[in-house]
Each structure stands twice: as structure tokens, then as C-alpha cells.
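*Asks:* Requesting a structural model of the entry that follows:
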Amino acid sequence: MGCTSCATGANGQPKGCKNNGTCGTDGCNKLTVFDWLSNMQLPANMEPFNAVEVRFKNGRKEFFQNPENLTLSIGDVIATEASPGHDIGIVTLTGELVRVQMKKKKILLKIEALLKVYRKASQKDIDIWQGVRDKEADVQKRSREIAIRHGLHMKISDVEFQGDASKVIFYYTAEERVDFRELIKEFARTFNTRIEMKQVGFRQEAARLGGIGSCGRELCCSTWLTDFRSVNTSAARYQQLSLNPQKLAGQCGKLKCCLNYELDTYLEALESFPSTETRLQTEKGYATCQKIDIFKGLLWYAYEKEFMNWHELTAEKANEIIALNKKGEKPLALEEFIIETPKPEREPYSNVVGQDSLTRFDQPKQKSNKRRNKSRNKNKGTVEANAGNAPKNNPRNKASKKPGNKPDNKNRNPKPKKNE
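*Replies:* Presented below is the predicted three-dimensional model:
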């Protein structure tokens, strides 16, 4: 956190500054830049760069000139020039680092062409600014209802009021061109202010809204990523990833930006690999590539008539066979180039710190002895109850009660005599 206002309050609950993204120290905001030149002194003959970087809602940043030479520091709330009226923003950078940021964003270093900083915001300006920001959620809800009523295929993702409440900007996303001329007229009548529509991409929408990615961290686009490069499915193919759209797509519905992070390393590693479309020619027949492992540097080949039998080769051996084929030579078989690597005797997983078994959930739970004894006693009681409820008029029961009448088991089930 950026300031002491973020410490815990009463009963151990987080206190927070309750500024909802407008922290005065600029330490809790998105796309924050650390001014590493703040403690350095300029040379004697060099004048300070008279421009500042100002942040508005949801990370929108612009550069302004300071013609009045106001003493500004990071976190100051100022009134800046806008069209029309003025806007309220927070200073994020001052001094020479502003020059560096303008070069990075390819903005001409002409201070005279920049908009002006009017003054430091007064209490009246801040009250008006906070009042219109409190109405943004209600305005966004009503604007969506109006867009649905007009039958427009668009999504209004965010609403931003200007600091003096003279203009409101509606950010929307749409897959096709939208004719919103009638929509703007109804917006102007409903909200009684000037309307401006800005279309943003799906990646920019996710950056403005923010969220948590599948890695468990905040979205890169909402924290530090400023340039959005196009991501193709070939990036996933080079990294041997399954083309599953549910795993490769981010919250914006497009391919994840992190697919480009390690792409250069994979492409550099694949330079030593032969092409997977190249067939190996041997006396035994042609062999085609079935699978590669970039980390281990291995390839698996199979003969065209024996696709079930794979032969493991290193990238060096595969390139050696291809070099022989280019000279017109054919080796006898792939088995000559297979290098047998000794397998490690130790298992890859070992319980060194007392972890539980990885298959503890695979085995079904057995019934306890108490349940078994209980079920046995229950069955025994039912048998005794059935014996007590036997019919009294049974002739077998009467015969068994008379003295001297014993059942003759021999006559009952006589054994068959053997044929002599």
C-alpha cells in the first residue's frame, strides 16, 4: 500500500483511505510510475522540464504544461484545461521523468502545444468532482437501458464525468459499426449535458475494469502493461500448447497477452530443431516426425508403415540424418542413431517433508467396525423376530415338541446306492 491510511483500523479491520482509486500518494493506483529522478539535481545550465503528467479516471493519463510555474508534487489535485470547461485530475509525475515518458509514448516535446494547468483544485472544485463521480454508476445503468431499448448491439462498459460536470464520456465496445445518432440525442435530453462516445477494444475494456487472472495475480493490462500487441494462435503452437479456447482466452475473450512473453525464447530454441515437415530417408523406409520436446531437445519419429512404433532421437542426430539425405546417402535405420539414456533410479516424487499421499482421494473410504457390528446386530434381530413369528399350526413344530419323536435324517435324504 502507498500510505498510512491503508493500515488497519478498529477491531483489526482494514481502515483504507476510501478514495476508491484516487489515493493521494498515487501508490494504490493502476499503472503507477516510480519517479527515480526525484532526488537528483539538474546541472547548473539546465532548466527543469515545465510539464506534468496528470491521471484521470481508470488510468487515463495526459500531459499538461505549467505556464504559471506552480509548485506541484505527486498527488496534488489540480484543475486542467479541457474542451469545454476544465477537468480535475491528480498529478502523477513531475520534472525530467515527464520528458522520458513523452519520448516513450512518441509525443512531440513541444511544451507550447500541450494543454495548460489552470490552478490547484479548490474545495469547491473537489466537491463538484466527487459529486459527479458518485452519479456515474446510476448513469451507466440508465444508459445501458436506453441502448437496449434502441436495439443497438453495443455494450457501455464505463462512464466518466468531466471535473466540472459539463461533459460525460461513454466508453463502449462493439463488434460492428454502430449508428448511435439517435442514442446521443436521447442521452443529451436525459442527462442534460454534453455527450461524447469513445469506442474501446475488448483488451482496453478489461484493463479499465480490472480483475484476477488464472495465475492468481491481477491482470497485466490493468497493472503494468501499456502496449497491447496482437496475439496469434501460432504463439500457442510454437509453445506446444493445446488449442483450447477456454484455457487460452482471457477475461476479454481474446488470447492471453502472456502467450507472447516467452515466445522469443521458444523461437530461439526451435532454431536448432529440424522442420517437423521434413521426412528422414533410410534404407528401411521414410520416417515422419510425430512429436517434439523443446525442453529436452528430443524428437520422435515413426516409419510410414509403422506409426505405432516411435523412435526417440535428439535434435543433433536428426540434423545429421538430414545432412546425409542432402548428400544422397541413406542410413540403414533410425535405430543406429538412438542414444540410450540411463533412467534415474529415484522416483521424481518423494515424501521428503511429510506431504500426504497424492492418491489419498482415489481410494474409497472403508466402513468402520462399528458400522459393521451395527449392521450384523440388526440382521440378527430380524432373524430372531422372524423365527418368533412362525405359524403355530405347523405340523413340523408339533412333531418336534412330542417326546421320543426325533427327526430321521437318514430317511429324509437317503443316499443313492451304488450299482454293484
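
*Asks:* Could you use CA atoms for every contact and neighbour count after this?
*Replies:* Will do.

*Asks:* Backbone dihedrals for the closest residue to residue 330 other than its chain neighbours, please?
*Replies:* Excluding the flanking residues, the one nearest residue 330 by C-alpha to C-alpha, 6 or more residues apart in numbering is residue 282, at 4.9 Å. In terms of degrees, to the nearest 10, the main-chain angles of residue 282 are phi -130, psi 170.

*Asks:* Next, count neighbours for residue 282.
*Replies:* 18 (other C-alpha atoms under 10 Å).

*Asks:* In this structure it contacts residue 335, no?
*Replies:* No: with contact defined as C-alpha atoms under 8 Å, residue 282 does not reach residue 335; the gap is 10.4 Å.

*Asks:* who touches the residue nearest to residue 330 in this structure?
*Replies:* By C-alpha atoms under 8 Å, 6 or more residues apart in numbering, the residues touching residue 282 are 330, 331, 332, 333, 334.

*Asks:* Tell me the confidence at the third one?
*Replies:* In this model, residue 332 is scored at 87, pLDDT.

*Asks:* Excluding covalently adjacent residues, which one is nearest to the spatially most central residue of the chain?
*Replies:* The residue lying closest to the centre of the chain (C-alpha atoms, centre = their mean) is residue 213, at 2.6 Å. Spatial nearest neighbour of residue 213, chain neighbours left out: residue 219 (5.5 Å); criterion: C-alpha to C-alpha, 6+ apart.

*Asks:* right, and the one you found touches residue 211 too?
*Replies:* Yes: Residue 219 is within contact range of residue 211, at 5.8 Å (criterion: C-alpha under 8 Å).

*Asks:* More neighbours: these two, which one.
*Replies:* Each of residue 219 and residue 211 has its neighbours counted (other C-alpha under 10 Å); residue 219 has more, 21 against 15.

*Asks:* Okay, and residue 89 sits in which element?
*Replies:* Residue 89 is part of strand 86-94, with elements assigned from DSSP states H and E.

*Asks:* What average pLDDT does that strand get?
*Replies:* On average, strand 86-94 scores 91.

*Asks:* helices and strands around that strand, which ones?
*Replies:* strand 51-55, strand 77-81, helix 123-134 (3 or more C-alpha pairs under 8 Å, 6 or more residues apart in numbering; DSSP states H and E).

*Asks:* could you redo the last one with a cut-off of 6 Å?
*Replies:* Helices and strands touching strand 86-94, by 3 or more C-alpha pairs under 6 Å, 6 or more residues apart in numbering; DSSP states H and E, are strand 51-55, strand 77-81.

*Asks:* my read is residue 186 is in a helix, agree?
*Replies:* Yes: membership of residue 186 in a helix is supported by DSSP: H, G, I helix; E, B strand; the rest coil.

*Asks:* thinking again about what came up before, can you tell me how far the residue nearest to residue 330 sits from residue 327?
*Replies:* 13 Å (C-alpha to C-alpha, to the nearest Å).

*Asks:* next one: residue 211
*Replies:* 58 Å.

*Asks:* And the closest residue to residue 51 other than its chain neighbours, how far from residue 53?
*Replies:* In space, and not counting its chain neighbours, residue 51 is closest to residue 65: 4.3 Å by C-alpha to C-alpha, 6+ apart. In this view, residue 65 and residue 53 are 9 Å apart by C-alpha to C-alpha.

*Asks:* For residue 195, which residues are in contact?
*Replies:* By C-alpha atoms under 6 Å, 6 or more residues apart in numbering, the contact list for residue 195 reads 167, 168.

*Asks:* could you pull out the helices for the protein?
*Replies:* Using DSSP state H, the helices found in the chain span residues 96-104, 123-134, 136-149, 181-191, 202-209, 220-223, 233-238, 245-248, 263-270, 315-326, 369-388, 395-401, 409-412.

*Asks:* right, so those helices: which one is the most enclosed?
*Replies:* Most buried of the helices of the chain by mean neighbour count (mean count of other C-alpha atoms under 10 Å) is helix 220-223; its value is a mean of 20.

*Asks:* what mean pLDDT does that one have?
*Replies:* Helix 220-223 comes out at a mean pLDDT of 84.

*Asks:* From the chain's centroid, how far away is that helix?
*Replies:* Distance of helix 220-223 from its chain centroid, counting by C-alpha atoms, centre = their mean, to the nearest Å, is 11 Å.

*Asks:* mind giving me the domain split of the protein?
*Replies:* Domain ranges of the chain: 17-121, 130-200, 207-269, 272-337, per automatic domain parsing.

*Asks:* what's the least confident stretch among those domains?
*Replies:* domain 17-121 (a mean of 82).

*Asks:* Show me how far that one is from its chain's centre.
*Replies:* 32 Å.

*Asks:* rewinding a little: deepest of the helices and strands packed on strand 86-94, which one?
*Replies:* Mean neighbours per residue, mean count of other C-alpha under 10 Å, is largest over those for strand 51-55, with a mean of 25.

*Asks:* got the angle for that one vs helix 96-104?
*Replies:* Put simply, strand 51-55 runs at 80 degrees to helix 96-104, going by axes from the mean of the first three to the mean of the last three C-alpha atoms, to 10 degrees.

*Asks:* who's in contact with strand 51-55?
*Replies:* Residues outside strand 51-55 that contact it (C-alpha under 6 Å, 6+ apart): 61, 62, 63, 64, 65, 66, 89, 90, 91, 92, 93, 94.

*Asks:* So what's the residue count around the fifth one?
*Replies:* What that stands for is residue 65. Using other C-alpha under 10 Å, residue 65 has 22 neighbouring residues.

*Asks:* show me the contacts for it.
*Replies:* Counting by C-alpha under 6 Å, 6+ apart, residue 65 touches 51, 111, 114, 116.

*Asks:* rewinding a little: pull up the pairing partners for the strand holding residue 89, direction included.
*Replies:* strand 51-55 (antiparallel), strand 77-81 (antiparallel) (DSSP bridges).

*Asks:* Show me the one of those strands that comes nearest residue 257.
*Replies:* Evaluated with C-alpha to C-alpha, the strands paired with strand 86-94 place strand 51-55 nearest to residue 257, the distance being 24.4 Å.
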